[in-house]
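>>> can you look at this prediction? I've put the sequence above it.
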Amino acid sequence: MLEAVNVSLGDLNLSTLAPMLIAIVGALAILVIDLAKDGLHKSFYVMVSLLFLLLDFGALVDFSGFFMQNGTTLGFFNVMLMDGLAILGQLIIVGASMLFVPLALTSKRFHEYNYPEYFALFLFMIAGFQFMVATDNLILVFVGLETASLALYTLIALHNRSKSFEAAVKYFTMGALAAGFYSFGAMIFYAVSGSVEIHTIAEVMAADGYANIGYLLVGVVFMLAALGFKVSLVPFHTWTPDVYEGSSAALAGYMSIVPKIAGFIVVMRLFEFLVNSGVVWLEAVLYAAVVITMTAANIWALVQTDVKRMLAYSSISHAGFVMAAVLIGTTQANTALFLYWILFSFTNLGGFTMLWVNRQKHLLPGQSSDHPYEKFAGMIKTMPFAAVMMGLFMLSLAGIPPFGLFWGKLYMISSAVTGGYTVLALIMALNSAIAGYYYLKLIIYMFMKEPYFDGGHKFYMMNASMSLKTIIGVAAFATIFAVVAVNPLIEFIGTLVYNSGY
């Protein structure tokens, strides 16, 4: 006979759901407002989205203070896990989203921003990513992953170009395959441990002395394929350049940041306990994945003729660079991962926003893609401010001191040396040097070549709206003055990571 179980609201600790619920309520509010009053200007929905994102961010800041005092918080039948990783991941997700939303206030008319559903889907996607990082339950990770992915497929297709539909279909197809791999991997982990919670899986496997190592290998392969798709590890990266090219430049920049940080946190939770357990073959597999992803993506980026595809391949290389932190598995390396990605978020979103400003509706005669290098030739003469901004973001991505990403790369390489991965540190430094070539190639086109003309047409830059200029200014400010913020950031991130046991 079953006994009734009394569960109080206090035991559920529903406050752990507050940040995600804010995003969900915001999305539902937009849909309700649209039903009640049709035809409102997009600026209203931008403001509503920003308001709920600001509330979400405030809830997370409040949680970070609570975590500093009380440690990890569990909630909703212990499914929700608000630790340092969850808080840091959500701060990056919501912070990058607040930079992205104002880009809708462009002075040009873009089809997708005319639909209130665009902003509702965007908030649903953010909630999905937040659920994904704020748990170690494999089922809830999957629910968050699919919620965010389904919304993102639609956001890509709403760009309403032939390449956008192609990109959405490719992303959906590859995403469905990755979801299948994830399901099989989770099933195998459950079969060998009797649990879908990562910390319990780790405890059971350690207690058994990794007796089911064969099944573990199969499960890890499936999980590596599924999560490798999300963070664009080679050879699961094939969707990335095509999907970025088919998406709007702003959305492509957003995709290079937010989905990947969510994927990195799941990878950290799942793989670091395996690496630290002494499973040698897993360390070898991750080592190979990191090196191949960094190197191959850099080589592919070298031969690109389109700046947007170059940035797509470079984001794959950066993902491989950051995956090294999971392999190293020390507190310093995990701190470096978040520091790197925060600095990368400003720089990369700034670079893609410059492409967004630079977009034209129709290709000119002889132009095979939206953003060929020739389009940027002589920009210092035609659009000097834009050339300086784009040059700044390229120097930062290349890791040239003293600009933002240099400090992230320096700290990441330092963590590799400290963790005993000296050869890996040398490979990382070499790849940074290779990457410098294709970033500097764009700078050479902008500053050292004459403006490009074709059939009497000159490539031009659209007049940027005030919102676009503001976002570019914020990204540039963060890129230039990152040196001032590096030490406080390292202390804040390190405290959260260390207190989470990573």
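Cool, the structure landed.

>>> and the lengthiest helix in the chain, what does it pack onto?
Looking across the chain with DSSP state H, the single longest helix is helix 162-193. With contacts taken as 3 or more CB pairs under 8 Å, 6 or more residues apart in numbering; DSSP states H and E, helix 162-193 sits against helix 138-157, helix 198-207, helix 213-231, helix 239-246. Every residue, glycine included, has its C-beta placed from N, CA and C.

>>> that one vs helix 138-157, what angle?
Angle between the axes of helix 162-193 and helix 138-157 is 180 degrees (criterion: axes from the mean of the first three to the mean of the last three CA atoms, to 10 degrees).

>>> show me how far helix 162-193 is from its chain's centre.
How far helix 162-193 lies from its chain's middle: 17 Å, per CA atoms, centre = their mean, to the nearest Å.

>>> quick check: buried residues in that helix?
For helix 162-193, the neighbour count (16 or more other CB atoms under 10 Å) marks 163-164, 166-168, 170-172, 174-175, 178-179, 181-182, 184-186, 188-190, 192-193 as buried.

>>> give the rounded mean pLDDT of that helix.
Helix 162-193 carries an average pLDDT of 86.

>>> with stretch 382-400 instead?
The pLDDT scores in stretch 382-400 average 87.

>>> what does the one helix or strand Ala297 maps to contact?
Assigned by DSSP states H and E, Ala297 belongs to helix 280-302. With CB atoms under 8 Å, 6 or more residues apart in numbering as the test, helix 280-302 has contacts from 217, 220, 224, 228, 232-234, 237, 271, 274-275, 310, 313-314, 316-317, 319-321, 323-324, 326-327, 424, 427-428, 431, 434-435, 437-438.

>>> again, only this time at 6 Å
233-234, 274-275, 310, 313-314, 316-317, 320-321, 323-324, 327, 427, 431, 434-435, 438 (CB atoms under 6 Å, 6 or more residues apart in numbering).

>>> kindly report the same for stretch 439-453.
For stretch 439-453, contacts defined as CB under 6 Å, 6+ apart pick out 373-374, 376-380, 382, 387, 391, 394, 397-398, 459.

>>> mind listing the helices for the stretch 351-500 of the chain?
379-382, 384-397, 404-418, 422-448, 466-480, 482-499 (DSSP state H, counting those that start in this stretch).

>>> which elements pack onto the last one?
With contacts defined as 3 or more CB pairs under 6 Å, 6 or more residues apart in numbering; DSSP states H and E, the secondary structure elements packing on helix 482-499 are helix 84-100, helix 331-357, helix 404-418.

>>> about what we covered before: what angle sits between the longest helix of the chain and helix 239-246?
Computed by the same axes, to 10 degrees, the angle between helix 162-193 and helix 239-246 is 150 degrees.

>>> mean pLDDT per helix and strand in the chain: which one sits at the bottom?
In the chain, the helix or strand scored least confidently by mean pLDDT, DSSP states H and E is strand 457-458, which has a mean of 45.

>>> returning to what we had before: who wins for proximity to Met466 among the helices and strands packed on helix 162-193?
Ranking the helices and strands packed on helix 162-193 by their distance to Met466 (criterion: CB to CB) puts helix 138-157 first, at 23.8 Å.

>>> what about Phe44, distance to Leu50?
11 Å (CB to CB, to the nearest Å).

>>> any weak-confidence spans in the stretch 401-502 of the chain?
Along the stretch 401-502 of the chain, segments meeting pLDDT under 70 span 452-465.

>>> apply 80 and report the result again.
For the stretch 401-502 of the chain, residues meeting the criterion pLDDT under 80 lie at 450-469, 499-502.

>>> can you check the stretch 1-150 of the chain too?
For the stretch 1-150 of the chain (pLDDT under 80), the answer is 1-15, 38-42, 71-72, 75, 77-78, 103-115.

>>> what segments of it are helices?
9-12, 18-36, 42-70, 84-100, 116-133, 138-157.

>>> and those helices: which comes nearest Ala262?
Here helix 116-133 is closest among the helices of the stretch 1-150 of the chain (CB to CB), at 4.5 Å.

>>> residues in contact with the closest one: which ones?
Contacts of helix 116-133 (CB under 6 Å, 6+ apart): 19-20, 23-24, 26-27, 30-31, 34, 45, 49, 86, 89-90, 93, 97, 112, 140-141, 144-145, 147-148, 151-152, 154-155, 158, 262, 265.
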